[in-house]
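Visitor: Curious how this folds, go ahead:
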Amino acid sequence: MDHWRDTESPPRRRKLRLGVVAAALTATLTLLCCVGSAGAFFLTELGGEEQDPTVAGLACDPGHRVSVTGDMPRFTEYGEGQLRNAAVIIKVGQDMKVPARGWVIALATAMQESALRNLANSTVPASLTLPHEGVGADHDSLGLFQQRPGWGSVEQRMSPAYTARKFYEKMRRVPRWEDRPLTVVAQRVQISAFPDAYAKHEELAGRIVDALAGGAARTVQIAGKAVCDAAAGARIAASGWTAPIPGGVGSGFRTADRPGHNGVDIAAPRRVTEIHAAATGRVLVARCDPDHSGRRDCDRDGWPGKGGCGWFVDILHAGGYITRYCHLVERPGVAPGQLVAAGDVIGRVGSSGNSSGPHLHFEVHVDSDRSSRGAINPVPFMRERGAPLDGDT
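Guide: Predicted coordinates for the structure are as follows:
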């Protein structure tokens, strides 16, 4: 597919329009709260990518055991003590044989509740000398997860290992917790007044799990075992991402002969191949893209040079990421404003629009920017999240 274009509005107006949509989403999913930290390490002007030094080139080792006493990796968002608390949360999950997806959920929850600090409160008796790292705002909530008296005694709730164990125990009772959006699972455990706030921490939580636990956010559970880089279809990586369809990349991102190709093409059988949402998010656009002549003509196969994305979907994810899915065979099965979970079917592969045959054109954008300026190479992006686009498992 040639580079996607929106003939309805110039780039500046399009970005302003998206800003209005994003502001509305903040009230319901809080998806845009961490764009600066989650998207800042990408250089996208020429398709190059500057990787986060804490995970760049990190191998995936499902058997890696986290250390709570060794040197901690460096993150600008958190200090050594906070990362050591994160290590405790992960270690408890490993000891309980909780899959890595649970570690990401637990970390994101503690990041929202306490910023990974073991918080005391003003009601703790002076006679109790409990180690703590600050005083929380909630008068009867304590510890990393800000648990209330029903979770245990004061001493227990001030123990990072105890509170992590209690979180995992309750999380495991949430039906289908591994396949549901992080916000849904965290809220079922915590019963928070701000249930959507957990979403903004998912990206960084995955990076911390990778750095502390040998790339574990890139794993999926297959036959009860953690497997690296196999997230596709119904399989969701611990990072919360999955490949939209299985297969291998044919035409790559901004190649020498196609410098305006802002995504990658993955060939697949027409109509029978389901397209899955790559991560939980809110649908921004689901419509027929006009061709070069301005016609919305997507109910038949297209041809090279026709122009337009055909039937397509844009989804906004936590961290300000946007994924785009082009050339669907028919009207998408989702609508603007709809919340979709990772792995949900949003349509089927086709050849509508500027297309020479059945395939999925897949794009990833950063900074909530749907224009070509926001496009990055989706191949390394998806590989770092355990959902490679080359089909290898």
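Visitor: what's the distance between residue 192 and residue 161?
Guide: 22 Å (Cβ to Cβ, to the nearest Å). To be clear about C-beta, it is placed using only N, CA and C from the backbone, and glycine gets the same treatment.
Visitor: What distance do you get for the residue nearest to residue 113 when sequence neighbours are not counted to residue 158?
Guide: Nearest residue to residue 113, sequence neighbours excluded (Cβ to Cβ, 6 or more residues apart in numbering): residue 146, at 4.2 Å. Noted for residue 146: a distance of 11 Å to residue 158, by Cβ to Cβ.
Visitor: Could you do residue 90 as well?
Guide: Residue 90 is 19 Å from residue 158, by Cβ to Cβ.
Visitor: For these two, indicate the residue with more neighbours.
Guide: For the pair residue 90 and residue 158, the greater number of neighbours falls to residue 90 (27 against 23), based on other Cβ atoms under 10 Å.
Visitor: Can you say which helix or strand has that one in it?
Guide: helix 80-95 (DSSP states H and E).
Visitor: before we move on, what about residue 315?
Guide: With DSSP H and E as the criterion, the answer for residue 315 is strand 311-317.
Visitor: what packs against that strand?
Guide: The contact analysis (3 or more Cβ pairs under 8 Å, 6 or more residues apart in numbering; DSSP states H and E) places strand 311-317 against helix 11-26, strand 281-288, strand 322-328, strand 345-348.
Visitor: Might you list the low-confidence residue ranges for the stretch 1-150 of the chain?
Guide: 1-57, 121-139 (pLDDT under 70).
Visitor: and residue 207, how many neighbours does it have?
Guide: Around residue 207 there are 26 residues (other Cβ under 10 Å).
Visitor: State the helix or strand in which it lies.
Guide: Per DSSP H and E: helix 202-212 holds residue 207.
Visitor: so how far is residue 268 from residue 246?
Guide: From residue 246 to residue 268 the distance is 8 Å (Cβ to Cβ).
Visitor: Helix, strand or coil: sort out the residue lying closest to residue 174 once chain neighbours are set aside for me.
Guide: Spatial nearest neighbour of residue 174, chain neighbours left out: residue 188 (4.6 Å); criterion: Cβ to Cβ, 6+ apart. Per DSSP: H, G, I helix; E, B strand; the rest coil, the secondary structure class of residue 188 is helix.
Visitor: quick one: contacts for residue 188?
Guide: 170, 171, 174, 177 (Cβ atoms under 8 Å, 6 or more residues apart in numbering).
Visitor: What pLDDT does the model give it?
Guide: pLDDT for residue 188: 96.
Visitor: and what of residue 346?
Guide: 98.
Visitor: And for residue 393?
Guide: Reading off the model, residue 393 has pLDDT 39.
Visitor: Equivalent analysis for residue 231, please.
Guide: 96.
Visitor: what's the answer for residue 257, then?
Guide: For residue 257, the predicted pLDDT is 92.
Visitor: got the contact list for it?
Guide: Neighbours of residue 257 in contact, by Cβ under 8 Å, 6+ apart: none.
Visitor: distance of it from residue 340?
Guide: Counting by Cβ to Cβ - residue 257 and residue 340 are separated by 34 Å.
Visitor: Please give the number of neighbouring residues around residue 313.
Guide: The burial count for residue 313: 26, using other Cβ under 10 Å.
Visitor: ditto for residue 330
Guide: Neighbours of residue 330 under the rule other Cβ under 10 Å: 14.
Visitor: Just to check, it is in contact with residue 349?
Guide: No: contact criterion Cβ atoms under 8 Å: residue 330 and residue 349 do not qualify, at 10.5 Å.
Visitor: Okay, buried residues for the following helix or strand past the helix holding residue 90 please.
Guide: With elements assigned by DSSP H and E, the helix or strand that comes after helix 80-95 is helix 100-114. By 16 or more other Cβ atoms under 10 Å, the buried positions in helix 100-114 come out as 100-114.
Visitor: now the host helix or strand of residue 163 against helix 80-95, angle please.
Guide: Secondary structure from DSSP H and E places residue 163 in helix 160-171. Angle, helix 160-171 to helix 80-95, by axes from the mean of the first three to the mean of the last three Cα atoms, to 10 degrees: 50 degrees.
Visitor: any residues touching helix 160-171, and which ones?
Guide: Counting by Cβ under 8 Å, 6+ apart, 85, 88-89, 91-93, 96, 98, 102, 105-106, 109, 118, 143-145, 147, 151-152, 156-157, 177, 185, 188-189 sit against helix 160-171.
Visitor: Report the inter-axis angle for that helix versus helix 100-114.
Guide: 120 degrees.
Visitor: Alpha carbons only: can I get helix 160-171 in CSV?
Guide: Extracted in CSV, the C-alpha atoms of helix 160-171 (Å, rounded to 0.1, in the frame of the first residue of the first chain):
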residue,chain,number,x,y,z
PRO,A,160,5.9,-5.9,50.4
ALA,A,161,6.1,-9.7,50.1
TYR,A,162,2.8,-10.2,52.0
THR,A,163,0.9,-7.6,50.1
ALA,A,164,2.1,-8.9,46.8
ARG,A,165,1.0,-12.4,47.7
LYS,A,166,-2.5,-11.2,48.8
PHE,A,167,-2.8,-9.3,45.5
TYR,A,168,-1.9,-12.4,43.4
GLU,A,169,-4.3,-14.6,45.4
LYS,A,170,-7.2,-12.3,44.7
MET,A,171,-6.1,-11.7,41.1
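Visitor: I'd like the mean pLDDT over it, please.
Guide: pLDDT averaged over helix 160-171 gives 96.
Visitor: buried ones in it?
Guide: Within helix 160-171, judged by 16+ other Cβ under 10 Å, the buried ones are 160, 162, 163, 164, 165, 166, 167, 168, 171.
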